[in-house]
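**Q** coords please:
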Amino acid sequence: MSSVVPSIQQIAAQLKVRAVSPVELVRRCLDRIEARMELNAFITVMADSAIGAAQTAEREIGSGRYRGPLHGIPISVKDLIDVAGTPTTSGSAVPPRLATRDAPIVSRLRDAGAIIIGKTNLHEFAFGTTSEESAFGPVHHPRDLSRSAGGSSSGAAVALVEGMCFGSIGTDTGGSIRIPSALCGTAGIKPMRGELPCDGIVPLSTTLDHVGPMAQTVADAAIMFDAMRSQVEAGPSTSSSPRPYVFGVPEAYFCDRLDRGVRAALTRTRNALSAAGHEIRTVAIEHAVRTPDVYLHICLPEASWYHASLLEAHADRYSPGVRLRLEMGRYILAEDYVRALQLRNVLSGAVDRALLGCDALLLPTQPIPAPILGEATVDVDGTREPVRAAMLRLTQLFNITGHPAIAVPAGTTDDGWPVSMQLVGHMAGTTRLIQVAALVERYSTGGDGSVGGGTG
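**A** Numbers count the residues shown, from 1 in each chain. Here you go, the predicted structure:
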């Protein structure tokens, strides 16, 4: 399906000259949602309001009031984010909150002319990597319904590759934008910490939470990112870079255990970049092995603190796994939490040092292709590993440190499963990182962007 889903850039050019109607575009997306209901990508479909917004966009474009490349473009919003007049369910049976106003990032996208088509399914309260724990049922991978589409922003990625929308908003606390982007073959940006406002978003961990765009290509994600931070830019250049880039590959810890197809994709990308004149060097991130401990000692107590009153009143409505993790947070000692915050600074310095002399770090986004739903462990290069631990291993460090990171489509395994490369940039360097990621995307996919999609 993904090969026939146009990019935002492509469809925007048609909308601007009225070769296609926003109403027609919305109806096309609604038809795709209806056609693939078994994927369970959406919790709330906003058909009436989306058609109304499309009619308004059509009138505005027709009268010469074109706002830019998102004008008339249907996008989806993860159902952890407030959209005025709709419930924010967080994928849970816990009573939702009814949003009276849009989250700021939603308002900014509406100001750019984007049309909200619906709210996507997710792992309950964003506290998981597989999205099999949701009060609305698991999200299924478009290519194989027995497989996970990742998490927690899984519905968003599935909606993209199936043409149910052209852009999505996700959140990322340990990899929740990048993980489903990797498993579904799309692009996703986790900006630098604090670069985009998380107001109007149900928190998981206020220290680690990020919000960002998901799209078919890096260029499309860049268009959304500019709108979400209220900037108007041309997006990443597709011309040759003015000088060779330097990529640092953190092999220890990050590349120790990789699926054979993932390792092959990393090798292909490294070789292609090197052949094009870019420098690839091996770097080390000190203390990276401490990442899971630091992450858990920050995330668990912060999540438990937010959910304390909800757990008191509605404990039986949580999914068992999510409830267990939230209750574990109650037993984290204050000194362990403070120690983790101090180690966070140590890890941030370690990433900064690894980036010295480099334009970006280059590593896989996921060590494995899409895992089977319901399986507790997965084989990674001959070693059985808990699924959750494996899926977080390459992404969660950069939530701890706050460095910007981007998931870039990188082809497929021999048996057709999407693979992804992750680019990590300097603090305050998200825009520069997007430019680097756009170049890597050309070498890793031949410029085709998304490699996802299913059988529809």
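**Q** contacts and neighbour counts: CA atoms only from here.
**A** Noted.
**Q** Show me how far the helix or strand hosting residue 156 is from its chain's centre.
**A** Applying DSSP states H and E as the criterion places residue 156 in helix 154-161. Distance of helix 154-161 from the chain centroid (C-alpha atoms, centre = their mean, to the nearest Å) equals 10 Å.
**Q** Other residues contacting the helix or strand that that helix is followed by?
**A** Per DSSP H and E, helix 154-161 leads on to strand 167-172 as the next helix or strand towards the C-terminus. When contacts are defined by C-alpha atoms under 8 Å, 6 or more residues apart in numbering, strand 167-172 is touched by residues 8, 74-78, 152-153, 156-157, 160, 176-178, 190, 209-216, 220-221, 224, 399.
**Q** try it again with 6 Å
**A** 75-78, 153, 156, 177, 209-215 (C-alpha atoms under 6 Å, 6 or more residues apart in numbering).
**Q** cool, stretch 243-255 as well?
**A** Outside stretch 243-255, the residues that touch it by C-alpha under 6 Å, 6+ apart are 278-284, 358-362, 394.
**Q** could you redo the last one with a cut-off of 7 Å?
**A** With contact meaning C-alpha atoms under 7 Å, 6 or more residues apart in numbering, stretch 243-255 is reached by 277-285, 288-289, 355, 358-363, 394.
**Q** picking that back up, just give me the closest of the contacts of strand 167-172 to residue 430.
**A** Nearest to residue 430 among those is residue 212, at 11.4 Å by C-alpha to C-alpha.
**Q** Show me where the stretch 251-400 of the chain dips below the pLDDT cut-off.
**A** Within the stretch 251-400 of the chain, not a single segment meets pLDDT under 70.
**Q** Now do the helices in it.
**A** Remark: helices assigned in the stretch 251-400 of the chain by DSSP state H, counting those that start in this stretch are 260-275, 291-314, 320-328, 334-355, 387-392, 397-401.
**Q** Same list (the ones you listed) but as JSON lines, adding mean neighbour count and distance to residue 16.
**A** As requested, those are arranged in JSON lines below (neighbours: other C-alpha atoms under 10 Å; distance: least, C-alpha to C-alpha, whole Å):
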{"stretch": "helix 260-275", "mean neighbour count": "19", "distance to residue 16": "35"}
{"stretch": "helix 291-314", "mean neighbour count": "18", "distance to residue 16": "44"}
{"stretch": "helix 320-328", "mean neighbour count": "17", "distance to residue 16": "45"}
{"stretch": "helix 334-355", "mean neighbour count": "17", "distance to residue 16": "41"}
{"stretch": "helix 387-392", "mean neighbour count": "20", "distance to residue 16": "40"}
{"stretch": "helix 397-401", "mean neighbour count": "25", "distance to residue 16": "37"}
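**Q** can you pull the contacts of the residue nearest the centre of the chain?
**A** The centroid of the chain falls nearest to residue 177 when counting by C-alpha atoms, centre = their mean (1.7 Å). Contacts here follow C-alpha under 7 Å, 6+ apart; on that basis residue 177 touches 153, 170-171, 188, 190.
**Q** who touches the nearest residue to residue 269 once chain neighbours are set aside in this structure?
**A** In space, residue 269 comes closest to residue 444 once its chain neighbours are excluded; the distance is 5.5 Å by C-alpha to C-alpha, 6 or more residues apart in numbering. Contacts for residue 444 (C-alpha under 7 Å, 6+ apart) come out as 269, 409-411.
**Q** Kindly report the same for residue 173.
**A** Per C-alpha under 7 Å, 6+ apart, neighbours of residue 173: 205, 208-210, 399.
**Q** With residue 426 instead?
**A** Counting by C-alpha under 7 Å, 6+ apart, residue 426 touches 355, 403.
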